[in-house]
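*Asks:* Here you go, sequence then predicted model.
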Amino acid sequence: MDWERRQAQLAASEALGWSTQLDLNASSKSLNVTLTDNFGRTLEGAAVRATIFHHARRSQAQELLLQPTEQGRYRALVSNAREGQWQVRLRIQRGPDLYFQTQDIYAPGVSVAHGGMP
């Protein structure tokens, strides 16, 4: 995609006033996105797609179609989820509106409790 087109998409996305909250957890192997408008109200009825990859494994990028789970929240399973830094590229469509966002996020690893010897 050319630079000018990308900049126009980002400007149009910013003009919508939408925001997202992303959560990627290696233990649950899922990407969760909460979508809100400029008043903080959750947005339902969106088609949410994501391209994600771990920074150490860019060649293993995954294309995800997130499913609505509850009001304004969307979720998809991530097959190769692991702890570390990830890039998430969102494409969200709601009616005629398109929203694009790219964000780097950290995915925590699996928590394991270890018992001690008495």
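*Replies:* That came in fine, so what should we check first? Residues are numbered from 1 along each chain as shown.

*Asks:* Would you indicate which residues of stretch 43-55 are buried?
*Replies:* Residues of stretch 43-55 classed as buried: 43, 46, 48-50, 52-54 (neighbour count, 16 or more other C-beta atoms under 10 Å). (C-beta placed from N, C-alpha, C; glycine too.)

*Asks:* could you dump these to CSV with secondary structure?
*Replies:* Conversion of the buried residues of stretch 43-55 to CSV gives the following (DSSP: H, G, I helix; E, B strand; the rest coil):
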residue, secondary structure
43, coil
46, coil
48, strand
49, strand
50, strand
52, strand
53, strand
54, strand
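
*Asks:* Under a three-state scheme, what state does residue 102 occupy?
*Replies:* Under three-state DSSP, the three-state class of residue 102 is strand.

*Asks:* hmm, who's touching stretch 47-56?
*Replies:* Judged by C-beta atoms under 8 Å, 6 or more residues apart in numbering, the contacts made with stretch 47-56 from elsewhere in the structure are 24, 31, 33, 35, 59-66, 74, 76, 78, 80, 82, 84-94, 104.

*Asks:* Just the buried ones from those residues, in PyMOL syntax?
*Replies:* Buried subset of the contacts of stretch 47-56, written as a PyMOL selection, criterion 16+ other C-beta under 10 Å:
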select buried, resi 24+31+33+35+62+64+66+74+76+78+86+88+90+92+94
